[in-house]
Structure formats: C-alpha cells, structure tokens
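> Build the 3D model from these lines:
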Amino acid sequence: MKLLRDLAKLPDTVRHGAVAIGNFDGVHQGHKQIVQRLLAKARQCGGPAVVFTFDPHPVRILRPEQAPPPLTWTDRKAELLAQLGVDTTIAYPTDEALLQLTPDQFFKRIVGDTLQARAMVEGTNFYFGRHRAGNIEVLQKLCTAAGVPLDIVEPVIVDGAPVSSSRIRQLITAGQVDEANQMLTGPYRIRGMVRHGVSRGAKIGFPTANVDAVDTLLPGVGVYAGRCAVEGRSWPAAINVGSNPTFGEHAFKVEVHLIGFHDSLYGQPLEVDFLSRLRDIVRFANVDTLQAQLAKDVSATQQVFQQAIKSPQSD
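Modelled structure (predicted):
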C-alpha cells in the first residue's frame, strides 16, 4: 500500500500516469470498475495508476452538519484500492483553498501541473471545483483541450439500481450488512479502542471486548457474525451492536466476543469485520435462555467465518 498526503513532496514516479479523482468512500463495486479501467489506461500510457482522494471529505468542511459518517478511514481506503491494483493513493488534506478553486483552476493545478496526468478515468456522477460547478461534461472539455484522454465509466447496477456509497450507507444503517457486502470490495469494517466494561459477558461464559470511539458508520442494532485480526491471526467474532435488555441496560454499545481468544485487549485498537447479520436484539426471560442463544450465535458465527475464508472477497 502506497499512501501519500503531501503534494509538495510528490515523487516523479507518481506523475505521468492515469488518474481517477473522487472520494471512493467504501471502495465498492462501482469504484472497482473505475479502477479496472484506470489500470488499463495506466498500461496504455506507460505510467502509474493513481487515485486522488480527499481527507477529510469536502462536505465535512463545507457543510459539517450534513456530513454522513464515512464508510472507510483513509488508510483502509488506500489498502482496499491497493488490493485492486492501484499503485498510489493520494489523500489530499482538504482545506478551504482547495475548495475555492474553480473547475479550470483545479484541473490545471492538480491534473496538469501536479500529477501531469496522461489519462483520466471517472464515473458519470463526477463533480469538482467550487460549488461543484464542474461535472463530467466540463471535465471532458478540459481533458480534450489538454490532450488528456478521458474514460467515462457507467455505474454498476445491482438489483436494478446503481451501486453508490450512499446506498451502501443506507443498508448498513439498517443492519443489512449481507447486502452491503455484496456491493463492497471487502467486508464492512469498523475500528475503535477496547475499553473496560462491566465484565458481565465474562461472568456468563462469553467475554466481550467493548469497542469505543468508532469513527466510521456503525451498523444498525443487532447481532452479527464477524471476525477480527489480532496477533497476526484472524478470529471469528460474535458482535452485539446495541443494548443489553436482558440485564436492564439501555446504553448503546459495540461488544465483540472473539471466539477462542483468551488474552486481554484493553487499551488496544481493534478492527472488526461484519460478515453477516444473525438476529435482532431481544430481551430474554433469564440468563440461562440468554446463554443458550449466545451459544447458538457462536456456532452460527463460526460457520459464517469458515464460509468467509473460502470466499474470494475475503481479505
């Protein structure tokens, strides 16, 4: 994975290639199609395949109250793009100066002077420049005038509708991670820090790591099958997103039971993949009934985990 953040120290190996510009939030199947065309263009022009993205998303600066939670953090985004074959991801530190550039100024400064692009690849819903004044038609004119070939990629259609970050965000918010994962290029992942809880899970035989300070979108309330990478090994993980009504607790938490893992994770960062939704959160009549259901959740999680190992999407 090659991730760059400083255009002032851009190596020459990043210039004279094929460039795709966008947020690439989630790195979904639509982005994958763009990257595939980007790689083909890079081979044709004999240069690198470069993705130019923004950190943070411009909406977080322009309209922070309207900014949706991201699907991926920057390093995860660069990791997923590298897995698709991208040579370099540039995460530009978004600021007011960049956002005030007109489409012509943005194209000249970023595409022309900085990256010296020999080809571009974009989706049909591409917008750029101040007030999003530049669209794909404007980009086509600028590319033609500069002698830069532009490849325009149509959206990927799944179940009759285009794949998009906003559509995936809606699915994850509703807890539909199975459907969302079909549109992503890797299982939906969150990250956070493991904090101390009340240790109730350990007392009933199912210790959990309480994951706090998650900086991406949380899936909807429910119980999920997932996995975590710890100590160089992938562990199956049963995940509870929401409260613990059986014990009269209503606080929203993310609790992860790493199946077969017995060491402490307190104070450590943890990344969690959501592979499949298992069930709703319900209030059980007593602890014995809860324990019986948790045992079923663990068994179901292990099955999903084994299936994911065999899946081509599994990373």
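
> drop to CA atoms for contacts and neighbour counts, all remaining ones
Will do.

> Next, count neighbours for the closest residue to Gly47 other than its chain neighbours.
In this structure, Gly47 finds its nearest non-sequential neighbour in Gly17, 4.0 Å apart by CA to CA, 6 or more residues apart in numbering. Gly17 has 24 neighbours, counted by other CA atoms under 10 Å.

> Thr114 is in contact with Gly17, correct?
No. Using CA atoms under 8 Å, Gly17 is not in contact with Thr114; the gap is 11.5 Å.

> Can you give the distance of stretch 109-119 from its chain's centre?
Computed by CA atoms, centre = their mean, to the nearest Å, the separation of stretch 109-119 from the middle of its chain amounts to 26 Å.

> what's the straight distance from one end of that stretch to the other?
With CA to CA, to the nearest Å as the measure, stretch 109-119 spans 15 Å from end to end.

> What's the mean pLDDT across it?
Stretch 109-119 comes out with an average pLDDT of 97.

> again, but for stretch 225-237
95.

> Which residues does it contact?
238-239, 256-261, 270-278, 297-298, 300-302, 304-305 (CA atoms under 8 Å, 6 or more residues apart in numbering).

> Buried ones among these?
For the contacts of stretch 225-237, a burial check counting by 16 or more other CA atoms under 10 Å picks out 238-239, 256-259, 270, 272-278, 297-298, 300-302, 304-305.

> Can you flag which of those residues belong to helices?
If you go by DSSP state H, the buried ones among the contacts of stretch 225-237 have Asp297, Val298, Ala300, Thr301, Gln302, Val304, Phe305 in helices.

> got the contact list for the spatially closest residue to the first one that is not a sequence neighbour?
In this structure, Asp297 finds its nearest non-sequential neighbour in Ala238, 6.8 Å apart by CA to CA, 6+ apart. Counting by CA under 8 Å, 6+ apart, Ala238 touches Val223, Tyr224, Ala225, Gly226, Arg227, Val256, His257, Leu258, Ile259, Asp297, Val298, Thr301.

> Could you give me the buried positions within the host helix or strand of the fifth one?
Okay, so that is Arg227. Using DSSP states H and E, Arg227 falls within strand 222-230. For strand 222-230, the neighbour count (16+ other CA under 10 Å) marks Gly222, Val223, Tyr224, Ala225, Gly226, Arg227, Cys228 as buried.

> Look up how far Ile190 lies from the residue lying closest to Pro149 once chain neighbours are set aside.
Excluding the flanking residues, the one nearest Pro149 by CA to CA, 6+ apart is Ala119, at 4.9 Å. Remark: distance between Ala119 and Ile190 (CA to CA) = 34 Å.

> same check, this time on Val50
Relative to Ile190, and taking CA to CA, Val50 is found at 25 Å.

> in the stretch 51-200 of the chain, which spans are helices?
58-62, 74-83, 96-99, 103-106, 136-146, 165-173, 177-183, 200-203 (DSSP state H, counting those that start in this stretch).
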